[in-house]
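J.: Return atomic coordinates for the entry below.
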Amino acid sequence: MRDSFLLTKPFSHTALLSAKELAALSPRKGKRTLSIRVTLDQEIVDRIDEVAGSRGRQRFIREAILWRLDQEMPPFVTEIMRDIEELRKRVERLESLHEKEVLLGALNDVTLRRVCRDDLDRRLIAYFVRHRGATTPELAEVLLKDKSKRRTIHSRIEGLNSRAKELLGVPILAHEKGVVDGKRGAWWLINTEYIKR
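T.: Coordinates of the predicted model:
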């Protein structure tokens, strides 16, 4: 004969409860739980009851699961892995900021302060300085993390060109319908001598 249990996973621990024990417990404040149904052989349940008693199943099974988790991956390893992932994200962010500053450092003040009206415009120009050309979906994916926002990018490009014509006398981005350098229907940085220091 088998006995059924619900496995609940609080935010930081794992516990095994019988259906009656689960109903008797009051909900824990601030703890997220996940219910999982577990079926055990009667022999296993009897062995757990011999060691922990029928009221101690939850504690015994929680401790057994935590012990096994600690054997497979000790808590300090999990913490180190989280720290490494966080550091990786920070390094990527710092590299991105540094690269943008280096690329924008080559541009003149009129381009940086008047042609570009905000950080998105400056990131757009920095991308073009580095890659020379790009499609609007590509730019939307890289700069806005959403390919569907290509119209936003297109209106930004038109605004940049409009301000460049007004302030520098020439457009700085041109659209090519055909294939250029492996990109079809891309925008390309032009008249770079007007935007650089």
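J.: Please count neighbours and contacts with C-alpha atoms only from this point.
T.: Will do.
J.: where's the longest helix anywhere in the chain relative to the chain centroid, distance-wise?
T.: As assigned by DSSP state H, the longest helix anywhere in the chain is helix 75-105. Mean C-alpha position of helix 75-105 versus that of the full chain (Cα atoms, centre = their mean, to the nearest Å) differs by 12 Å.
J.: Show me what it is packed up against.
T.: helix 119-131 (3 or more Cα pairs under 8 Å, 6 or more residues apart in numbering; DSSP states H and E).
J.: now for the helix it packs on, which elements pack on it?
T.: Against helix 119-131 (3+ Cα pairs under 8 Å, 6+ apart) you get helix 75-105, helix 136-144, strand 183-189.
J.: Sticking with the spatially most distant residue from the centre of the chain, tell me its helix or strand.
T.: Farthest-out residue of the chain from its mean C-alpha position, per Cα atoms, centre = their mean: E50, at 47.4 Å. Using DSSP states H and E, the element containing E50 is helix 42-52.
J.: Mind giving me the packing neighbours of that helix?
T.: strand 2-8, helix 57-72.
J.: Let me know the angle separating that helix from helix 57-72.
T.: Angle, helix 42-52 to helix 57-72, by axes from the mean of the first three to the mean of the last three Cα atoms, to 10 degrees: 100 degrees.
J.: how about helix 42-52 as CSV, C-alpha atoms only?
T.: Written as CSV, here are the backbone C-alpha positions of helix 42-52 (Å, rounded to 0.1, in the frame of the first residue of the first chain):
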residue,chain,number,x,y,z
GLN,A,42,4.3,2.1,2.7
GLU,A,43,7.6,0.6,3.8
ILE,A,44,9.3,3.9,3.4
VAL,A,45,6.6,5.7,5.3
ASP,A,46,6.8,3.1,8.1
ARG,A,47,10.6,3.6,8.3
ILE,A,48,10.1,7.4,8.5
ASP,A,49,7.5,6.9,11.3
GLU,A,50,9.8,4.6,13.2
VAL,A,51,12.6,7.2,13.2
ALA,A,52,10.6,10.4,13.5
